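Peer 1: Let's see this in three dimensions:
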Amino acid sequence: MYKISSFEKSKKTLYILGKIISILICIIIIPIIIVNITLLIKSYFNPNEIPDIFGFKTFVIVSKSMEPTISVGDTIVVKEVNPEDLNLGDIISFRDGDSINTHRITEIVSDSGKKKFRTKGDNNKNIDKELVTASKIEGKYQLRIKGFGKVIKVLNSKVTLVILLAFLILILIYQVRISKRKLKRKEKRYEHNKKKYKKV
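Peer 2: Below you'll find the predicted structure:
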């Protein structure tokens, strides 16, 4: 025979499990929302600059110029760096017209006391035509996340941001409703016990 105590225990376990899942979802969603909002704000105030988070930027690779080191569809993370600290062999991301290239430094040239960089893709036969100036450098390559490009595109979408915000609001509403129900049950139990003791 199924006991009421067993039912209450199962109910409590499900409640705790639901609470844990909600917290885990919030831990994942909230940072994504914060990052997206930060990037949107920075893009709004500085439309000509690529937004960063604490000096870090992400780019999705769309060409084979750096294979096999970096492949098409990979997401790379670069960090803003002082051009004076760059050395031969470093991989950098830099502006090339309207696009961003990520190539390796093959030569460092001094021009009027300022460093300029000759670059080349590992998979390219020829070096890049133009020298890269310090002002064009977006950052030094730090790491890659293999095949993560599509995910990044989805996460950086404004539609995704709206969906995540709506989902977060629904979770909060759900938690508030659960908390209210729990409070009502406690109040009813308190009133019931109060009447019971009065009769005694």
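
Peer 1: which SS state does R177 fall under?
Peer 2: helix (DSSP: H, G, I helix; E, B strand; the rest coil).

Peer 1: just L164 next, same as before
Peer 2: L164 is classified as helix under three-state DSSP.

Peer 1: Could you tell me the phi and psi values at T102?
Peer 2: Here is the backbone geometry of T102 (degrees, to the nearest 10): phi -130, psi 100.

Peer 1: tell me which residues of stretch 145-155 are tucked away?
Peer 2: For stretch 145-155, burial by neighbour count (16 or more other Cβ atoms under 10 Å) applies to 148-149. No exception for glycine: its C-beta is placed from N, CA and C like everyone else's.

Peer 1: wait, what's in contact with the residue nearest to I61 when sequence neighbours are not counted?
Peer 2: Nearest residue to I61, sequence neighbours excluded (Cβ to Cβ, 6 or more residues apart in numbering): D74, at 4.8 Å. Each residue near D74 by Cβ atoms under 8 Å, 6 or more residues apart in numbering is listed here: 60-61, 144-149.

Peer 1: how distant is stretch 137-147 from the center of its chain?
Peer 2: 14 Å (Cα atoms, centre = their mean, to the nearest Å).

Peer 1: Spell out which residues make up each domain of this protein.
Peer 2: 19-48+167-192, 52-155 (automatic domain parsing).

Peer 1: Considering those, which stretch scores lowest in mean pLDDT?
Peer 2: Mean pLDDT per stretch puts domain 19-48+167-192 lowest among these, at a mean of 73.

Peer 1: quick one: the strands in this structure?
Peer 2: Remark: strands assigned in the chain by DSSP state E are 56-60, 75-79, 91-96, 99-111, 114-120, 132-133, 137-145.
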